[in-house]
Each structure stands twice: as structure tokens, then as C-alpha cells.
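[1] here is my input; please provide its structure:
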Amino acid sequence: MSLLPDTARQVDVLVAQAQSGGRTPSLVMGIVRDGTLAHLATAGEHPRPDADRQYRIGSISKTMTATLVMQERDAGRLALDDPLEQHLPDTGVGALTLRQLLGHASGLQREPEGEWWERAEGVDLTTLLRGVSAAKIAHPAHRTYHYSNLAYGLLGGVLERITGTPWAELLRQRILEPLGMRRTTYAATEPFARGYVVHPWHGTLREEPRTDTGAMAPAGQLWATVEDLARWAAFLADPDPEVLDPATLTEMCSPVVISDLDSWTGGHGLGLELYRDGDRVYVGHGGSMPGYVAALAVHRPSRTAAVGYANAYGFGIGRLGQRILTTVLDAEPALPTPWRPTAEAPSAEVTDVTGRWWWMGVPLDVRWDAATGELVGLLRGERESRYRPEDTDRWRGRSGPENGEILAVLRDPTGHPVALDIATFVFTRSPDETP
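    Numbers count the residues shown, from 1 in each chain. Below you'll find the predicted structure:
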């Protein structure tokens, strides 16, 4: 689904203004809707961007590393609360858990020992681990948010030790090939954009090195195109169950830690950054490597995303991506699923339960959703919970405030329903009745 002409024009203007004002050699942003790249906005000519030109994605690589970890968790080969020691012994930080490392809640320092890893040739895992000790813990675990690239180097080591497969090969087998991300690679593959630092006073370009980051690759090594990053955004919006259970991806989008305690505009899940914009929450990640920045912001409810790159270090592409995503959602809100009449009434057991119920003067309206086979409870006209049948007169909450709780239908000796017991809160047919 392409954007409306007015919306596309707004996006194009934002990209052109950002490239000009931000002085970046090239800038490309893509809008993803319903699984496809719906619009491409480009600016700059060094090089002229297109959907198949590679840029470096930096820390967006972490979202794929986290997905590999969650695959291993779902397969039963690790648990999120496993201590690191269980998989990488003798590091000196072995009490930290995989969950804490994924969510940047471990208190681990940001960088490994040695030269700045993003601009220097990387080391192997054994050498990386030699530089890890208890002195690398900067904060008590899970008391504060502290971003750590080192954490993802260690998670890559965990994956390699558990699977016996190098991280890059595991990524290719488990994610890139199944999702058709043919132009996402470990090293730059032509055509690709060269990355630069722009001189602040006279606007000349200094080309940056394209390093192999070795054991730190799981934190930021990858190269990709807009087309491939759009595929990844589409997966984060609506995952292929063959790659990752959708419920697991939803789990990854739940906050492990809030990164902005003053206004709660940002947080971190299991490998995914969370950004709040008004009543919307976007998931994704930013990326930067010397000479490159990248953006990934996904609004899962509408299956809409903004992805993009610039080849100038320090350019503020993350905020631009979120602004563009908000612009699209404001201009073209997702249409609700059309209502369709029910072909036939449900069974008497279900019909008897629908209607209005009361608890302590609070109304609960229960209706039947034939399309899903669920009961839908609306409390006070605003808080919706959905229930799936589990047994006779027993329904399990699957979303909303009562997610996971039991709705039990209570009947009198004649079989007539007289109350609903929802997690011990008993609703009756009349506000005057006593539960």
C-alpha cells in the first residue's frame, strides 16, 4: 500500500530538510506498511541513495542477536535468568543474567577493553573474554539502565558456545535466509555507501575505516539495504512463526528497564528499544558506526515502520525516523477491521453469558466475537479483555487486564447462569444483587 500523495510529499520534505540542514552526504528513509516498502525518500548525491545500496546498520544488529537468543530460549537450550557463568565461565561477571544483558540492566560498562572497538580491527572471543572482569560492572544489576555494547559481545559468545556455530553463520541460517534478507551481510558488498565524518567548518569529507569487529560483531557489525531493513521491520511488526513465535516477540517488546525516568519516553525490552510518542509506543533500535547512522522504528499495532540510513557519523537519524513515522500515522491512521454480522447465533451456553453484569456498581458488558470464538468483556465501557474457551463454563483471559485469568460461569441448579467469577471478583446480573 503506497502513501497518499500529500503524505509522501510531507515525508520527502522532511528528508530533504534533514539532509540539507544536517549536512550529510546522503540520506534515505523508507516507510513500511503491511509488510512492504511503501515509500522511499532520498536526498543527497554522495552517493545517490536507492533501496538496494548498503549502509552500515550498527547497533540494529543487536535486535537480531537478541532474536537468536530468544530462539534458543524457546528451544529450551537456555533460560533468560541463567547466569552468564553457566554459558561463559570465569568472566568475573558471571552472576549477571542473560535477561539483564539483553535489556541493558546488567550494570556492565559500555565498552570492552582496548581500542575503540567500532574503529579498530576486532579480536576473537577468547581475547575479548580476557578483558572482562568484575571491574567492568559499573552499577548494581537491574537498578539502573546503562547501555552496554560489551553485553552483546558476551551474548554472541553465549550463542556460539551453545550452538557450536559462529554468530554470523547462525544469523544467516536462522534469520537472513528465512526472511529473504539477501543483501544483509557481515562485510560491505557493492553497491554500498562509503561512510564519512563531515568537517564542521569547511564541509569536507573524511572517509572512515570499515572494520571487522570480531567478537563484538553481534553488537554492531552488519550491513544492509533499505529493502532488507524494511523486511526486518515487517518481521518485528508481524513475525513469521517459523522464525520466532509471535508471543516471544511481544515479550521482547515488554520493558525490562525504563531509560528515561523523568518522563518515561523511552525504555528497553529484550534487545529492542522502546520509544513513547504520545499514546503510541514504537519499538526498534538506533545504529551508528564510524561514518554511518541508521534508524528503525516500528508501530506494531498498525504494522507501519520507518527505516533509514545516512553516511555521516553523528547525524540525528533516530529522531528523524520517529518523526517521520508519527507524520505518517497522523496523516493516514490505520483503518479498523470492518465489522461483519454473525452468520448464526452461538450456542445457548454462550448466549446466556452475554449481556450486562455488575460488580460493586461497576458494569461489565460481555459479547460474543464469532470471528475469533471468544468472549469479549468491556469493563466500565473502556477496559476490554478477551477470553478463550478452556473447558465447560471456563474461559481463559488472553488479552487485556484479565490476560491469563479465569472467567468461570456460575449456574443455579436449573443450569441458568447467575454470576461470573473473574479471578474471584463475582459479577451478577443486577447491581442490587449481592455476590
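
[2] for burial, what's the neighbour tally of Ser133?
    Neighbours of Ser133 under the rule other C-beta atoms under 10 Å: 12. Where you see a C-beta, it was placed from the backbone N, CA and C, and this is true even at glycine.

[3] same check on the one 5 residues further on?
    The local packing of Ala138 (other C-beta under 10 Å) involves 13 other residues.

[4] can you check the pLDDT for it?
    Looking at Ala138, its pLDDT stands at 88.

[5] Asp369 and Glu384 touch, don't they?
    No: with contact defined as C-beta atoms under 8 Å, Asp369 does not count as touching Glu384 (10.7 Å).

[6] need the residues touching each of these two.
    Common contact partners of Asp369 and Glu384 (C-beta atoms under 8 Å, 6 or more residues apart in numbering): Val376.

[7] so which helix or strand takes in His39?
    Using DSSP states H and E, His39 falls within strand 36-44.

[8] now do the buried residues in stretch 34-51.
    For stretch 34-51, the neighbour count (16 or more other C-beta atoms under 10 Å) marks Gly35, Leu37, Ala38, His39, Leu40, Ala41, Thr42, Ala43, Gly44, Pro49, Ala51 as buried.

[9] ok, the third one - contacts?
    What that stands for is Ala38. Going by C-beta under 8 Å, 6+ apart, Ala38 touches Met1, Ser2, Leu3, Ile31, Val32.

[10] rewinding a little: pairing partners for the strand holding His39, with directions?
    strand 26-33 (antiparallel) (DSSP bridges).

[11] and the strand it pairs with, what's its mean pLDDT?
    For strand 26-33, mean pLDDT is 98.

[12] tell me the gap between that strand and the middle of its chain.
    Distance of strand 26-33 from its chain centroid, counting by C-alpha atoms, centre = their mean, to the nearest Å, is 18 Å.

[13] which residues touch stretch 356-364?
    365-366, 377-381, 419-420, 425-431, 433, 435.

[14] how does it look with 10 Å?
    355, 365-366, 377-381, 383, 385, 417, 419-420, 422, 425-433, 435 (C-beta atoms under 10 Å, 6 or more residues apart in numbering).

[15] list the buried ones in it?
    Neighbour-count burial for stretch 356-364 flags Trp357, Trp358, Trp359, Leu364 (criterion: 16+ other C-beta under 10 Å).

[16] pick out whichever of these sits closest to Arg323.
    Closest to Arg323 out of these is Leu364 (40.2 Å), distances taken as C-beta to C-beta.

[17] so the closest residue in space to the closest one that isn't next to it in sequence: helix, strand or coil?
    Distance criterion C-beta to C-beta, 6 or more residues apart in numbering; nearest residue to Leu364, sequence neighbours excluded, is Trp357 at 4.6 Å. Here Trp357 takes the strand state, with states given by DSSP: H, G, I helix; E, B strand; the rest coil.

[18] going forward can the numbers begin at 38, since that is how I track them
    With the count now opening at 38, the last piece we talked about shows up as Trp394.

[19] for the stretch 138-287 of the chain, give me the ranges with low pLDDT.
    For the stretch 138-287 of the chain, applying pLDDT under 70 flags no range at all.

[20] show me where it has its strands.
    With DSSP state E, counting those that start in this stretch, the ranges of strands along the stretch 138-287 of the chain come out as 233-235, 242-244, 260-261.

[21] what is the mean pLDDT for the strand holding His76?
    97.

[22] cool, stretch 439-454 as well?
    What stretch 439-454 shows for mean pLDDT is 96.

[23] what is the end-to-end distance of it?
    The first and last residues of stretch 439-454 sit 20 Å apart, counting by C-alpha to C-alpha, to the nearest Å.

[24] tell me the buried residues in that stretch?
    Neighbour count says stretch 439-454 has Glu439, Glu442, Ile443, Leu444, Ala445, Val446, Pro454 buried, by 16+ other C-beta under 10 Å.

[25] domains for the chain, by residue range?
    Following automatic domain parsing, one gets these domains for the chain: 42-368, 385-465.

[26] now do the longest one: distance from first to last residue.
    Using C-alpha to C-alpha, the end-to-end distance of domain 42-368 comes to 11 Å.

[27] go on, the last one?
    Domain 385-465 has an end-to-end distance of 18 Å (C-alpha to C-alpha).

[28] how far off centre is that domain?
    32 Å.

[29] what does the longest one give?
    Distance of domain 42-368 from the chain centroid (C-alpha atoms, centre = their mean) equals 10 Å.

[30] the helices in the stretch 38-187 of the chain, which residues?
    For the stretch 38-187 of the chain, applying DSSP state H, counting those that start in this stretch gives helices covering 42-59, 98-111, 135-139, 162-167, 186-200.

[31] got any ranges where the stretch 338-472 of the chain has weak pLDDT?
    Within the stretch 338-472 of the chain, the stretches with pLDDT under 70 are 472.

[32] go again with 90.
    Along the stretch 338-472 of the chain, the model assigns pLDDT under 90 to residues 351, 371-377, 379-382, 385-386, 408, 418-420, 469-472.

[33] show me where it has its strands.
    341-347, 392-396, 399-406, 411-416, 420-428, 431-436, 443-448, 454-459, 462-465.

[34] tell me the most buried of these?
    strand 341-347 (a mean of 30; mean count of other C-beta atoms under 10 Å).

[35] partner strands of that strand, with direction?
    strand 63-70 (antiparallel), strand 329-336 (antiparallel).

[36] before we move on, the earlier item: tell me the one of the buried residues of stretch 71-88 nearest Thr379?
    Gly72 (29.2 Å).

[37] skipping adjacent residues, who's closest to that closest one in space?
    Nearest residue to Gly72, sequence neighbours excluded (C-beta to C-beta, 6+ apart): Ala271, at 4.3 Å.

[38] please apply the same query to Gly355.
    Gly323 (4.1 Å).

[39] could I get the average pLDDT for the strand or helix carrying that neighbour?
    Using DSSP H and E, Gly323 sits in strand 317-326. Here strand 317-326 scores 97 as its mean pLDDT.

[40] so Ser325 versus Glu150, what's the distance?
    Distance, Ser325 to Glu150, by C-beta to C-beta, to the nearest Å: 21 Å.

[41] more neighbours: those two, which one.
    Each of Ser325 and Glu150 has its neighbours counted (other C-beta under 10 Å); Ser325 has more, 21 against 16.

[42] sorry, back to before: of the strands of the stretch 338-472 of the chain, which approaches Ala385 most closely?
    With C-beta to C-beta as the measure, strand 454-459 is the member of the strands of the stretch 338-472 of the chain nearest Ala385 (10.2 Å).
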